[in-house]
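In: here you go, sequence then predicted model.
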Amino acid sequence: MNNISAKISQKTKISTKQIETVLQLLSEGATIPFIARYRKERTNGLDEVQLTQIRDLSNQFNALTQRKEAILKSIEEQGKLTPELKKKIAAAETMAILEDLYLPYKPKRRTRATIAREKGLEGLADFIFNQRNGNLYTIAEKYVDPKKEVPNIEDALAGARDIIAEWISEDAKTREWLRNLFEQKAVLKAKVVGTKKDKPEAATFRDYFDWEEAIKKIPSHRFLAILRGNAEGFLRISIRPDQEEAIHILDKLHLRNNNECTDEVAKAIEDAYKRLLQPSLETEIKNLTKEKADKEAIRVFAENMQDILLAAPLGEKRILAIDPGFRTGCKVVCLDEFGTFLEYATIFPHTGKSQEAEQSILRLVKKHKIEAIGVGNGTAGKETRNFINDIPALKDLSTVLVNESGASIYSASAVARKEFPDLDLTIRGAISIGRRLQDPLAELVKVDPKSIGVGQYQHDVQQDLLKQSLDDTVVSIVNKVGVDVNTASLQLLAYVSGLGESKASNIVQHRHENGPFKKKNELKKVKGIGPKAFEQSAGFIRISKAKNPLDGSAVHPESFSLVKEMASDLNCKIVDLVEQAELRKQVNLQKYVSDSIGLFTLNDILKELEKPGRDPRGNFEQVAFRSDLNALEDLQSGMVLNGVVTNVTKFGAFVDIGVHQDGLVHISQLANKFVKDPMEVVRVNQKVQVKVMDIDLQRKRGNLSMKEV
């Protein structure tokens, strides 16, 4: 562990002592949210980003170590492991260097060099490669053997060159020099495939029909776009440095004399580069650049996802939710304040039956004491919201357009079928829309994050890395917000630190059989919740309206006795500490510092007592879209409109302005200054004002600006 800790420290500038502590906690089963919140003294206040970085680097170094062990075993079994090679393998710091060292010993298919060796030409290759003096043709003639398919001197020399080309291509130093050249000077060139140039689908990649750019400077989003064009057959790409410069480097490395052998080595060098090194390193640099682009795209996706999950909830309100539609009608559901399904109906306000639809809505609103109306923002969403707003009797009810991305995915899922086996999937979709309005986080955890529509090229990036990042994001946000154990779904509980699906299911079953939990300690009665699971989860669980206010807070039960001691020292009750700021000011935190409790934890406790169980998501605010604008065709250049950011990419931000199709604010139009990263200016769910620049109806695009609005 010490060796790994030192390497992680070099990369992160975090002390080895902190890293060793984190790795120890992780090995004991502690989760990142738990360590970040409740073990600050032990880590000296490392946050979730730093903890995740330590975990991921540890995994990478462990993978490198395992690969070294496998390679050493393979070479040793071949009887070719020397002390010098073993030392080089042990010192390798990257997977690329390690694989270069292994390449000459890696089992491979029969190659031109293999065939040449089978013909007995390795001795000739050695003579030529070392560029010895002597009559080359006299030496080569000794290797002519028609029985071995070497009929003449030229065939002997050609076979020797094949062996030399492979030696050069497998030489670690050679690959290191060329890899550096590719990384620094390779140019990506994209050309349109002529036969597909005029296909409608090719228009997406029109900007890259004739494109050149230095690979080390290309933005991640552009590289992924070009790769997609290549994968779909519209673009042909290459990633190469200048060939003459590459061969010049090889000449300097391998030409050591000036004789007949040197000429043969020069020919082998050119063949080695064109046939072996260039294709291999082109693939390597493409994969390396894609890996970097993937990580950047995943980072953007995760940050967008974080903002989506932190959207402010409307709260415990009785909701009428509508999944809008034209021809097939609008599916209407009613939910109580806890999201419980009450009743559904289908209305047809857009097909000449608006009066019947209005009467149906008014009946449901009155019957179920509806407090707010949520309308999905998909097809017919704006028109349906306008229909509701035109009903005079509903003027005091707020009507909200709800982002329904992924709702159809949820409605067809096993989770939805299990919860509502007798309902049509369109009704399930309407229920999801209503619940999203009440509590976006609780509902969105039921949907595959990739389906929520806030990513960029999410289907093109490495799926295992994407899943890990999104899972980390969801876990982080769920535990940051906290979960009411008496109302949360199985899916939401499963993301609580230390639980998972099995323990979450047991909690739901226990709740069903025994009624609501009254205090956190009752979690210990649940099957599967042992001391470790309780330790990890209890701080993130909330019990609203509990007798002890600490049970509804983020104060961990391991600190309850400490808070009780604070109250006793001030001759008051815990509830008095919560309700009276003056009492909290009298708490001398230094008095309670111990070997296990420090100021990190004590300050967190005092902050939590100010407002136990506070929701970090803020207050719900509705965006006021213009009711007279329903489609792109209604927009005019120069209009200034309210909007809400729905997606942030590396090249700008997409903004919902209430006309079904989101408009794009290009990065150059985000502010009256240079913007390097759009996330410095805007975030998903941020309310903004934008000016319409121009509308491209053919491509269904609206270009917007936030400059001087």
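Out: Yes, it's here.
In: any regions of this protein where pLDDT drops low?
Out: Residue ranges of the chain with pLDDT under 70: 1-2, 453-456.
In: what's the domain layout of it?
Out: By the assignment in automatic domain parsing, the chain contains the domains 2-105, 112-300, 319-438, 493-610, 632-705.
In: as a markdown table, these with distance to T473 and mean neighbour count would be great.
Out: All C-beta spots, glycine's among them, are computed from the backbone N, C-alpha and C. Putting the domains of the chain into a markdown table (distance: least, C-beta to C-beta, whole Å; neighbours: other C-beta atoms under 10 Å) gives the following:
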| stretch | distance to T473 | mean neighbour count |
| --- | --- | --- |
| domain 2-105 | 10 | 16 |
| domain 112-300 | 10 | 17 |
| domain 319-438 | 15 | 19 |
| domain 493-610 | 10 | 17 |
| domain 632-705 | 12 | 18 |
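In: which residues in the stretch 501-650 of the chain form helices?
Out: With DSSP state H, counting those that start in this stretch, the ranges of helices along the stretch 501-650 of the chain come out as 501-514, 531-537, 560-569, 574-579, 581-585, 599-610.
In: once you drop chain neighbours, what's closest to the most centrally placed residue in the chain?
Out: With distances taken as C-alpha atoms, centre = their mean, the residue of the chain nearest its centroid is I298 (3.4 Å). Once flanking residues are discounted, I298 sits nearest to S469: 4.8 Å by C-beta to C-beta, 6 or more residues apart in numbering.
In: number of nearby residues for that neighbour?
Out: Residues lying near S469 (other C-beta atoms under 10 Å) number 23.
In: can I assume it is in contact with A302?
Out: Yes - counting by C-beta atoms under 8 Å, S469 touches A302, with 4.8 Å between them.
In: give the contact list for the residue nearest to the centre of the chain.
Out: By C-beta atoms under 8 Å, 6 or more residues apart in numbering, the contact list for I298 reads 461-462, 465-466, 469.
In: same list, these, but as TSV with secondary structure and distance to K418 please.
Out: Converted to TSV, the contacts of I298 look like this (DSSP: H, G, I helix; E, B strand; the rest coil; distance: C-beta to C-beta, whole Å):
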residue	secondary structure	distance to K418
V461	coil	31
Q462	coil	31
L465	helix	30
L466	helix	26
S469	helix	28
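In: max-length helix in the protein?
Out: In the chain, taking DSSP state H as the definition, the longest helix is helix 278-309.
In: quick one: residues in contact with the following helix or strand past that one.
Out: Going down the chain from helix 278-309, the next helix or strand is strand 319-323, by DSSP states H and E. The list of residues contacting strand 319-323 from outside it, by C-beta under 8 Å, 6+ apart, reads 330-335, 361, 364-365, 368, 370-376, 378, 384, 388, 402, 404, 407, 426-427, 429-431, 433-435, 437-438.
In: please redo it, this time with the cut-off set to 7 Å
Out: By C-beta atoms under 7 Å, 6 or more residues apart in numbering, the residues outside strand 319-323 that reach it are 330-335, 364-365, 370, 372-376, 384, 426, 429-431, 433-434, 437-438.
In: got it, and stretch 178-185?
Out: By C-beta under 7 Å, 6+ apart, the list of residues contacting stretch 178-185 reads 96, 216, 241-242, 245-246, 249, 277, 281, 285.
In: who are the packing partners of the helix or strand harbouring R236?
Out: Element membership for R236 (DSSP H and E) is strand 235-240. Packing partners of strand 235-240 (3 or more C-beta pairs under 7 Å, 6 or more residues apart in numbering; DSSP states H and E): strand 187-192, helix 220-231, helix 278-309.
In: and stretch 516-528, C-alpha only, in PDB?
Out: Output of stretch 516-528 as PDB, limited to C-alpha atoms (Å, rounded to 0.1, in the frame of the first residue of the first chain):
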ATOM      1  CA  PRO A 516     -43.100   3.800  10.100                       C
ATOM      2  CA  PHE A 517     -39.700   4.100  11.900                       C
ATOM      3  CA  LYS A 518     -39.800   6.400  14.900                       C
ATOM      4  CA  LYS A 519     -36.000   6.700  15.400                       C
ATOM      5  CA  LYS A 520     -32.800   5.800  13.500                       C
ATOM      6  CA  ASN A 521     -31.800   3.100  16.000                       C
ATOM      7  CA  GLU A 522     -34.800   1.100  14.800                       C
ATOM      8  CA  LEU A 523     -33.000   0.400  11.600                       C
ATOM      9  CA  LYS A 524     -30.900  -2.100  13.500                       C
ATOM     10  CA  LYS A 525     -34.000  -4.300  13.700                       C
ATOM     11  CA  VAL A 526     -34.100  -4.700   9.900                       C
ATOM     12  CA  LYS A 527     -32.800  -7.900   8.400                       C
ATOM     13  CA  GLY A 528     -29.300  -7.400   7.000                       C
END
